[in-house]
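K.L.:
Sequence and predicted structure are below.
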Amino acid sequence: MVDRLTSAKSTAAIRHWASSAVAMFAAMVALMAPTADATAKQARRAQPAETTAPREAGEPIMAIVSIKSQQVTIYDADGWILRAPVSTGVKERETPAGVFAIVEKNKDHRSNMYDDASMPNMQRITWNGLALHGGPLPGYAASHGCVRMPFGFAEKLFGKTRIGMRVIISPGDAVPVDFSHPALSLFVPNAEVIAAAPAKAETLSRDAADAATTADETKKTAATAARGSAPLAASLRKLERLKARADAELLSADKAVAAAKTEQARAKAEDRKQKAAAKAAELGTQFDTVKTDASSKLDAASSAKEAAKTAQTKKADIAKAALDAKLALEPVSIYISRATRTLYVRRNTHKPAPDGGGEVFDATIEVPVTIRDPGKPLGTHVFTAVARNDAGLRWTAVTIENGDDAKKALDRITIPKEVLDRIAPTALPRSSIVVSDEPLSEETNYRTEFVAVLSDQPQGGFITRKPSEVLMAGDDGWGNGSRQDADGFGFFFQRNPNPQPSNTRRGGGQFFPPVQRGW
């Protein structure tokens, strides 16, 4: 009996303990729930907010995307003007860090890769599919490699930017800082040259058009003269062959006369000689007559051919001068690569690309550059001329990858004098110099300024995309790589001969021999 009472009491105690434990756990959950909600709200509040600078904004010069902070900041000449949260690429589809520029804008773009998805206010930065555009922002990296922005912000930004605007995608929180350096002080705009540039460009464009018309006319004249003289030349060649055979026959007959042993053989040889002499004389007369008649026409055809060559050379020379004059009105972009030890220059021609989409960037200047201690990393630095000042141009610097600091990196580089002589007098605000350890990406082509990605950062959203297809110089319907249009704009491009390796780290002494481009 006692045992049964003891057992009952123990069971009741256990039940009471269990009930109390459940109640305590429920109370703890109830207490924790508000804390978890508060933490979530705090996390949401910590996300970058869409912000506008409290001042009148100028024209945007660059956009800097921070992968770390999931934020984009837009800058004009005086500092930041707009900020907004973004969503970059997920793991294995990461947005590549590097240096880009806007190459195409499409307000109502739809994806040709992801089920026709809407990508409003799309601003393309590579032709293999990376862009800034409006999209949903969950508060973390969630795209396939593009940079999603708030829908309203993307629409606002779309109306402010232009083709060629610099876009920097940084692993961390990079910001532009005021910067000066002796190398940058060499880019001093010549006020007289810049003031005269529009009129010079207009005059040379007219001259180029006139030269193109003259070249076409002389080419047609030469072709007509060549067609007219062709039968005469053929007749002369035929008569010349016949006369040579007749002369050979006469010589043979003369030898036969000398070799004849009998009167009968001599008479036969003499008859042969007379006939051969008559034939040779007749053909000689015909040849001289036709040659005299054809001489003036053949000389005219030859002169027309030479005139056509001269006109074509003049056309090319004036067209190149017109091109240079027009490019002098555009900001200049320079890329200096330690990997290839090459200096590249790009300027937007604003000429529509021949295969549709985007505009053609002039790439006629690519020259070797001297870099001191080429085995030592430079880092990746973007120097931008943001405005004019008393000294010439006011510059900023953005560093997205450390090697040397920005000043020491420029200290090690010697920009060729011929490049400075050609572009420095007309350097304008929005001009830039990019110094990097990286070679240019293979996505750099005639429809881009520069595309360079940091090879020691994830590139999943870049290397998993199909490389862009570009119309190569020399393809049918475009030209042979040095064709000049009548207005002075020509297309100068061949696929980058030293493409950037995909997702590789840089070796300290890696070197790709540069290619000397024409001037």
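P.N.:
Received the coordinates, thanks.
K.L.:
Please make it C-alpha for all contacts and neighbour counts, starting now.
P.N.:
Will do.
K.L.:
Could you tell me whether residue 63 really is in a helix?
P.N.:
No. Going by DSSP: H, G, I helix; E, B strand; the rest coil, the assignment for residue 63 is strand, not a helix.
K.L.:
What is the neighbour count of it?
P.N.:
23 (other CA atoms under 10 Å).
K.L.:
Who is it paired with across the strands?
P.N.:
Beta-bridge partners for residue 63, by DSSP bridges, are residue 74, residue 167.
K.L.:
what residues are up against the spatially closest residue to residue 176 that is not a sequence neighbour?
P.N.:
If the residues on either side of it in the chain are set aside, residue 176 comes closest to residue 398, at 4.6 Å by CA to CA, 6 or more residues apart in numbering. By CA atoms under 8 Å, 6 or more residues apart in numbering, the contact set of residue 398 is 174-177, 381-383.
K.L.:
Show me which of those is closest to residue 439.
P.N.:
Top of the list for closeness to residue 439, among the contacts of residue 398 and by CA to CA, is residue 381 at 13.7 Å.
K.L.:
Which helix or strand contains that closest one?
P.N.:
In this structure, residue 381 is located in strand 379-389 according to DSSP states H and E.
K.L.:
Can you list the strands that the next helix or strand after that strand pairs with?
P.N.:
With elements assigned by DSSP H and E, the helix or strand that comes after strand 379-389 is strand 392-402. Here strand 392-402 has these sheet partners by DSSP bridges: strand 177-179 (antiparallel), strand 379-389 (antiparallel).
K.L.:
Can you tell me which of the ones you listed is nearest to residue 211?
P.N.:
Closest among the strands paired with strand 392-402, using CA to CA: strand 379-389, at 36.4 Å.
K.L.:
Which positions in the closest one come out as buried?
P.N.:
379-387 (16 or more other CA atoms under 10 Å).
K.L.:
Can you add distance to residue 234 and give these back as TSV?
P.N.:
Output for the buried residues of strand 379-389, formatted as TSV (distance: CA to CA, whole Å):
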residue	distance to residue 234
379	68
380	66
381	67
382	65
383	66
384	65
385	65
386	67
387	68
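K.L.:
Tell me the secondary structure of residue 355, please.
P.N.:
coil.
K.L.:
what's the burial count for it?
P.N.:
Look at residue 355: counted by other CA under 10 Å, it has 12 neighbours.
K.L.:
let's number from 41 now, not from 1
P.N.:
Sounds good: first residue 41 from here, last item residue 395.
K.L.:
Just the local confidence number for it, please.
P.N.:
The score at residue 395 is 75. That number is its pLDDT.
K.L.:
quick one, phi/psi of it?
P.N.:
phi -110, psi 20 (degrees, to the nearest 10).
K.L.:
now swap in residue 296 and tell me
P.N.:
On the backbone of residue 296 - angles per degrees, to the nearest 10 - the values are phi -70, psi -40.
K.L.:
Find the nearest non-adjacent residue to residue 182, please.
P.N.:
Residue 182's closest residue in space is residue 130 (CA to CA, 6+ apart), at 5.0 Å.
K.L.:
who touches that neighbour in this structure?
P.N.:
181-185.
K.L.:
Also residue 115?
P.N.:
Taking CA under 8 Å, 6+ apart as the test, what residue 115 contacts is 100-103, 121-122.
K.L.:
Out of the residues you listed, flag the one nearest to residue 192.
P.N.:
residue 122 (12.3 Å).
K.L.:
To which secondary structure element is the closest one assigned?
P.N.:
Residue 122 belongs to strand 119-125, assigned by DSSP H and E.
K.L.:
again with residue 258
P.N.:
helix 231-299.
K.L.:
quick one on the thing from earlier: just checking: what are the partner strands of the strand holding residue 122?
P.N.:
Going by DSSP bridges, the partners of strand 119-125 are strand 91-92 (antiparallel), strand 111-116 (antiparallel).
K.L.:
hang on, the earlier thing: hmm, who's touching the strand holding residue 421?
P.N.:
101, 116-117, 433-446, 449, 468-478.
K.L.:
what's the spacing between that strand and its chain's center?
P.N.:
Chain-centre distance of strand 419-429: 20 Å, with CA atoms, centre = their mean, to the nearest Å.
K.L.:
and if you look at stretch 107-115?
P.N.:
That offset, for stretch 107-115, works out to 25 Å (CA atoms, centre = their mean).
K.L.:
Pull it out as CSV, backbone CA atoms only.
P.N.:
The C-alpha trace of stretch 107-115 is given here as CSV (Å, rounded to 0.1, in the frame of the first residue of the first chain):
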residue,chain,number,x,y,z
ILE,A,107,29.7,44.3,-53.9
LYS,A,108,30.5,44.2,-50.2
SER,A,109,27.8,46.8,-49.2
GLN,A,110,25.4,46.0,-52.0
GLN,A,111,25.2,49.6,-52.9
VAL,A,112,25.6,51.8,-56.0
THR,A,113,26.8,55.4,-55.7
ILE,A,114,26.6,57.9,-58.6
TYR,A,115,29.1,60.8,-58.8
